[in-house]
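**Student:** Can you look at this prediction? I've put the sequence above it.
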Amino acid sequence: MSASKPTIHDVAARAGVSKSLVSLALRQSPKVSPASRAAILAAASELGYRTNAAARSLADRRSRTIGVLVLDLHNPIFAQILDGVQTEVRSHGYSVMLVTGNSDPATEQAEIDKLLEFQVEGLILISHRMSDATVREFAREVPVAIITRQDVSDSNIATVSNDDIRGAQLAVEHLVRLGHTRIAHISGGENTVSADRERGYRIAMSHAKLDAHMCVVPGAFTDLGGYNAARTALAADPAPTALFVANDIAAVGAIAAIEESGLSVPDDVSIIGYDGMALGALRSLNLTTIAQPLTEMGQLGARALFARLENPDEPSAHTAMNPELIERGTTAVAVQ
Ligand code: RIB
């Protein structure tokens, strides 16, 4: 057997059909009969033939690839969102090309420039830190869908997010119902999602006639951010009896800080996070949280993108999802 890679000509010869029929079959064209398709796929598999995606995309000017930027691969919720994105993208016969910029705007922009060089047909941003102007520039080249943020509006940008202000209110209202009055908030840093959750916290505290002044501790959407901010929060006198942490992964860090300081969750300090990460349901963590429908949001974002790819006149819309309180074991009645 020859050591060289099999070509489309070899597949055509083995299946006894023309090269153009092989090409149509590999692109899943409805013009190919099921019998011919089966013969061609069998020949390709026997020969170990792989399609040359780059050559194919040059030939028909379509990459059948969607570029996806994920904010932070250390936060497991992004895998849950990606599950939904992938399901939808695959159902259209497309593939995902995945990048991350590790929450750095310049790196995100450089990674997306590369995706566009690979001729991706659309972009999905699963959260990002780039400026609105930068994202709008990308949207002049290809349709864009943004998942978990709603603040960038443009005719070529669809957004899917939950109502972060309402979600934060739900978190505080839950703690108030449990009798907590010293409720501190660990923020998620300087970004719009964090700003909305802090706003919801302040609104709910004011509705409950509780003092939010001095109770917002700057944090980050990371386990370390939650850990450091919880240490700061616990040093206050009097210390809070409950923490609303801006996301679940930061809540995990906050729990570690509380336990290291000799206190226990929820007997001494109640903790509620935000997101509904799947890990939070494990018995050992049992994290009370405000859940967003993460996988569904991924699927809806990708669906909105394909709606525009298939019909450029389709208006880009915002899809608002409802946040939901999930009561588990890290919150309990306040002991003042
Ligand atoms: O970007 C970090 C956070 O924003 C995530 O945890 C999720 O809450 C998203 O909306």
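**Tutor:** The structure has been received and is ready for your questions.
**Student:** What are the structural domain limits within this structure?
**Tutor:** 8-51, 65-161+293-321, 164-292 (automatic domain parsing).
**Student:** Turn those into JSON lines, including distance to residue 333.
**Tutor:** Any C-beta I mention is one placed from the backbone N, CA and C, and that applies to glycine too. Listed next are the domains of the chain as JSON lines, based on distance: least, CB to CB, whole Å:
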{"stretch": "domain 8-51", "distance to residue 333": "59"}
{"stretch": "domain 65-161+293-321", "distance to residue 333": "29"}
{"stretch": "domain 164-292", "distance to residue 333": "5"}
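**Student:** And the strands in the stretch 1-150 of the chain?
**Tutor:** 65-70, 95-100, 122-126, 144-147 (DSSP state E, counting those that start in this stretch).
**Student:** Now do the second one: which elements does it pack against?
**Tutor:** Right, the one you point to is strand 95-100. When contacts are defined as 3 or more CB pairs under 8 Å, 6 or more residues apart in numbering; DSSP states H and E, strand 95-100 sits against strand 65-70, helix 77-91, helix 105-117.
**Student:** angle of the second one against strand 122-126?
**Tutor:** Looking back up the chat, that one is helix 77-91. 160 degrees (axes from the mean of the first three to the mean of the last three CA atoms, to 10 degrees).
**Student:** What residues does whichever residue of the stretch 1-150 of the chain sits closest to the ligand make contact with?
**Tutor:** Using CB to the nearest ligand atom, the closest approach of the stretch 1-150 of the chain to the ligand is made by residue 148 at 3.8 Å. For residue 148, the contact set (CB atoms under 8 Å, 6 or more residues apart in numbering) comprises 81, 126-127, 160-162, 193, 292, 297.
**Student:** rerun at 10 Å
**Tutor:** Contact analysis of residue 148 by CB atoms under 10 Å, 6 or more residues apart in numbering lists 71, 77-78, 81, 125-128, 159-162, 164, 193, 275, 292, 294, 297-298, 301, 321.
**Student:** try residue 96
**Tutor:** Applying CB under 10 Å, 6+ apart, the residues contacting residue 96 are 65-68, 82, 85-86, 88-90, 120, 124, 302.
**Student:** Check residue 304 too.
**Tutor:** Contacts of residue 304 by CB under 10 Å, 6+ apart are 88, 122, 124, 143-147, 157-160, 314, 316-319.
**Student:** Would you check how far apart it and the ligand are?
**Tutor:** 17 Å (CB to the nearest ligand atom, to the nearest Å).
**Student:** so where's the stretch 201-336 of the chain shaky on pLDDT?
**Tutor:** In the predicted model of the stretch 201-336 of the chain, residues 213-214, 336 satisfy pLDDT under 70.
**Student:** do the one helix or strand residue 170 maps to and the ligand meet?
**Tutor:** In the assignment (DSSP states H and E), residue 170 maps to helix 164-177. No. Using CB under 6 Å from any ligand atom, helix 164-177 stays clear of the ligand, with a minimum separation of 7.0 Å.
**Student:** Show me which parts of that helix are buried, residue by residue.
**Tutor:** Going by neighbour count (16 or more other CB atoms under 10 Å), the buried part of helix 164-177 is 164-172, 174-176.
**Student:** rewinding a little: tell me which of the strands of the stretch 1-150 of the chain is the most buried.
**Tutor:** Mean neighbours per residue, mean count of other CB atoms under 10 Å, is largest over the strands of the stretch 1-150 of the chain for strand 144-147, with a mean of 30.
**Student:** elements contacting that one?
**Tutor:** If you count contacts as 3 or more CB pairs under 10 Å, 6 or more residues apart in numbering; DSSP states H and E, strand 144-147 packs onto strand 65-70, helix 77-91, strand 122-126, helix 132-139, strand 157-162, helix 294-310, strand 318-321.
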